[in-house]
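A.B. asks: What would the 3D arrangement of this be:
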Amino acid sequence: MSAAASRASSIRARAAALSWLALDIDGTLTDAHIYIGPGGEAMKAFNVRDGLGLALLREAGIGLAIITARQSAIVELRAAELRIDEVLQGVSDKGAALRDLARRKGVDLSRVGFVGDDWTDLPAMAIAGFAASVADGDAEVRARSHWVSHESAGRGAIRELAAFVLRARGQYDDLLARRLGG
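C.D. replies: I've put the predicted structure just below:
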């Protein structure tokens, strides 16, 4: 087996082992733009395909968490719509937050993934069993990721990630068949 094939196999194994997936928000689930009006944060744009990808991961038995440095009512609303299990906002140390999440859920960090896009995400990515980033994430973050999307943040990157994880777990075809009525 070539080195590239061995690496790809290792990355699929990491994805297949996931019990929990935690995500940053700005720059992963959104395009990293923050619209601020006179009253504060006014808007964030979320991709509905990314939302379905998260729903499919949840349906496959993967717990979902948001770990973000910002505090936002918009994130609370979107997380509630998507039925995200854990929403941790205003987090200054994402590595410590991820470690605490794994401890509280009784899951080894090797079975926890983290999706990030910028330097503040690196501590969580460094301890996660599966570290992912988006095509337009910072170069240093992409270089330290096990998996990087082809799609940009807020433009289907998380849906792409969900498909990769579900295929690695052997659940993609079953979930698709359910949607087709089979």
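A.B. asks: number of nearby residues for the closest residue to L18 other than its chain neighbours?
C.D. replies: Nearest residue to L18, sequence neighbours excluded (CB to CB, 6 or more residues apart in numbering): G113, at 5.1 Å. All C-beta spots, glycine's among them, are computed from the backbone N, C-alpha and C. Number of residues near G113 (other CB atoms under 10 Å) recorded here: 30.
A.B. asks: Leaving out sequence neighbours, find the closest residue to R169.
C.D. replies: Per CB to CB, 6+ apart, closest to R169 is A16, 4.9 Å.
A.B. asks: Which helix or strand contains the residue nearest to L18?
C.D. replies: Element membership for G113 (DSSP states H and E) is strand 112-116.
A.B. asks: mind listing what that strand pairs with, with the direction of each?
C.D. replies: strand 20-23 (parallel), strand 130-133 (parallel) (DSSP bridges).
A.B. asks: Let me see the contact set for the residue nearest to D93 when sequence neighbours are not counted.
C.D. replies: Nearest non-adjacent residue to D93, counting by CB to CB, 6+ apart: P123, 6.5 Å away. The contact partners of P123, taken as CB atoms under 8 Å, 6 or more residues apart in numbering, are 93-96.
A.B. asks: From the chain's centroid, how far away is the helix or strand hosting P123?
C.D. replies: Secondary structure assigned from DSSP H and E places P123 in helix 122-127. Here helix 122-127 is found 13 Å from its chain centre; the criterion is CA atoms, centre = their mean, to the nearest Å.
A.B. asks: Please apply the same query to stretch 117-131.
C.D. replies: Put simply, stretch 117-131 sits 11 Å off its chain's centre (CA atoms, centre = their mean).
A.B. asks: cool, and stretch 49-61?
C.D. replies: Counting by CA atoms, centre = their mean, stretch 49-61 is centred 11 Å from the centre of its parent chain.
A.B. asks: I'd like the average pLDDT over it.
C.D. replies: Confidence for stretch 49-61, expressed as mean pLDDT, is 97.
A.B. asks: List the buried residues of it.
C.D. replies: Neighbour counts over stretch 49-61 (16 or more other CB atoms under 10 Å) mark 50-51, 53-58, 60 as buried.
A.B. asks: Would you state the strands of the chain in chain order?
C.D. replies: Secondary structure of the chain by DSSP state E: the strands cover 20-23, 35-37, 40-43, 63-67, 86-88, 112-116, 130-133, 147-148.
A.B. asks: and R7, which of those is closest to it?
C.D. replies: Closest to R7 of the strands of the chain is strand 147-148 (CB to CB; 10.7 Å).
A.B. asks: quick one: strands adjacent to that closest one?
C.D. replies: strand 130-133 (parallel).
A.B. asks: counting contacts, what elements does the lowest-mean-pLDDT helix or strand in the chain pack onto?
C.D. replies: Lowest by mean pLDDT, DSSP states H and E among the helices and strands of the chain is strand 40-43, with a mean of 78. Judged by 3 or more CB pairs under 8 Å, 6 or more residues apart in numbering; DSSP states H and E, the packing partners of strand 40-43 are strand 35-37, helix 73-82.
A.B. asks: Many thanks, have a good one.
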